[in-house]
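# Structure here, sequence nowhere to be found:
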């Protein structure tokens, strides 16, 4: 196979992986706090022996769009959204995890937990709400209080120097690498009764998907033309050799 075909195939493989990312974004357009992802490409240059340099397409990873999604009012006092930077801190069996998906609830013990049952942490550990405490109020700085007991804790909100390095897990949770240290946000802005929506814009993603499809088809047509050209060349050389 000629070098031009290899180069075209590298582009086609990259487009296929990019299509998977766009499809995943569209599928999560309604997932709270979901961050759209993008493929990162670069030019990969190699120089085979006795040949000129060859330039291939290489996908080197993914990047998250860290822009904030629109806030949606729910009226649920345990639905929380962070306006601006920061992540809630969650205690899981695998260690601390971080999330902007603030759809919380009370478990049977009266602790504030995620939908999957993991404990939401304050700056002093889990937040315990007694059954007779009454209405729960959460101030913009994350301070949690009840009508009966007053202030019972303050939600811990942290940030990271490089959010792109956070590893995405299930249920909207992120894991920090060992050398990443969470830093408490000095003045967080927490909105009670709100949920951060996905920052995916479906129309733009559908437009991007159509563009990728056209590019994929164009490269496929080029590969077919190259294949036909090589076959024609072989037939012509075969006829000349047999003459």
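Perfect, I can see it now. As the structure is a computational prediction, the values presented were derived from the model and not from experiment.
# Buried ones in stretch 189-200, by neighbour count?
190-200 (16 or more other C-beta atoms under 10 Å). Using the backbone N, CA and C atoms, a C-beta is placed for each residue, glycine as well.
# for the helix or strand encompassing residue 8, packing partners?
Per DSSP states H and E: residue 8 is located in helix 3-27. For helix 3-27, the elements it packs on are strand 37-46, strand 54-64, helix 202-242, judged by 3 or more C-beta pairs under 8 Å, 6 or more residues apart in numbering; DSSP states H and E.
# which residues of this protein score low on pLDDT?
Low-confidence regions of the chain, defined by pLDDT under 70, span residues 1-7, 9-10, 41-60, 222, 227-228, 230, 233, 237-243.
# can I see the domain layout of it?
Residue ranges for the domains of the chain, per automatic domain parsing: 3-64+200-242, 71-196.
# tell me the most buried of these?
Greatest average neighbour count among these goes to domain 71-196 (a mean of 16), per mean count of other C-beta atoms under 10 Å.
# Quick check: closest non-adjacent residue to the residue nearest to the spatial centre of the chain.
For the chain, the residue nearest the mean C-alpha position is residue 35 (4.5 Å; C-alpha atoms, centre = their mean). Excluding the flanking residues, the one nearest residue 35 by C-beta to C-beta, 6 or more residues apart in numbering is residue 64, at 4.5 Å.
# ok, residue 197 touching residue 71?
Yes. At 7.2 Å, residue 197 and residue 71 qualify as touching, with contact defined as C-beta atoms under 8 Å.
# related to what we said a few turns ago, dump the buried residues of stretch 189-200 into a markdown table; add distance to residue 98 and secondary structure as well.
Below are these laid out as a markdown table (distance: C-beta to C-beta, whole Å; DSSP: H, G, I helix; E, B strand; the rest coil):
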| residue | distance to residue 98 | secondary structure |
| --- | --- | --- |
| 190 | 15 | strand |
| 191 | 18 | strand |
| 192 | 20 | strand |
| 193 | 22 | coil |
| 194 | 19 | strand |
| 195 | 17 | strand |
| 196 | 14 | strand |
| 197 | 19 | coil |
| 198 | 17 | coil |
| 199 | 17 | coil |
| 200 | 20 | coil |
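# Out of these, which is nearest to residue 31?
If you rank the buried residues of stretch 189-200 by distance to residue 31 using C-beta to C-beta, residue 198 comes first, at 5.2 Å.
# what sits against the residue lying closest to the closest one once chain neighbours are set aside?
In space, and not counting its chain neighbours, residue 198 is closest to residue 34: 4.0 Å by C-beta to C-beta, 6+ apart. Contact analysis of residue 34 by C-beta atoms under 8 Å, 6 or more residues apart in numbering lists 28, 69, 172, 198-200.
# Checking residue 34 next. Helix, strand or coil?
coil (DSSP: H, G, I helix; E, B strand; the rest coil).
# Check the gap between it and residue 172 for me.
Distance, residue 34 to residue 172, by C-beta to C-beta, to the nearest Å: 7 Å.
# Also residue 18?
Look at residue 18 and residue 172: by C-beta to C-beta, they are 23 Å apart.
# if you skip the residues just before and after it, what's nearest to residue 19?
Counting by C-beta to C-beta, 6+ apart, the residue nearest residue 19 is residue 212, at 5.1 Å.
# surely the one you found meets residue 20?
No. In this structure, residue 212 is not within contact of residue 20 by C-beta under 8 Å, at 10.1 Å.
# okay, and the common contacts of those two?
Common neighbours of residue 212 and residue 20 (C-beta under 8 Å, 6+ apart) do not exist.
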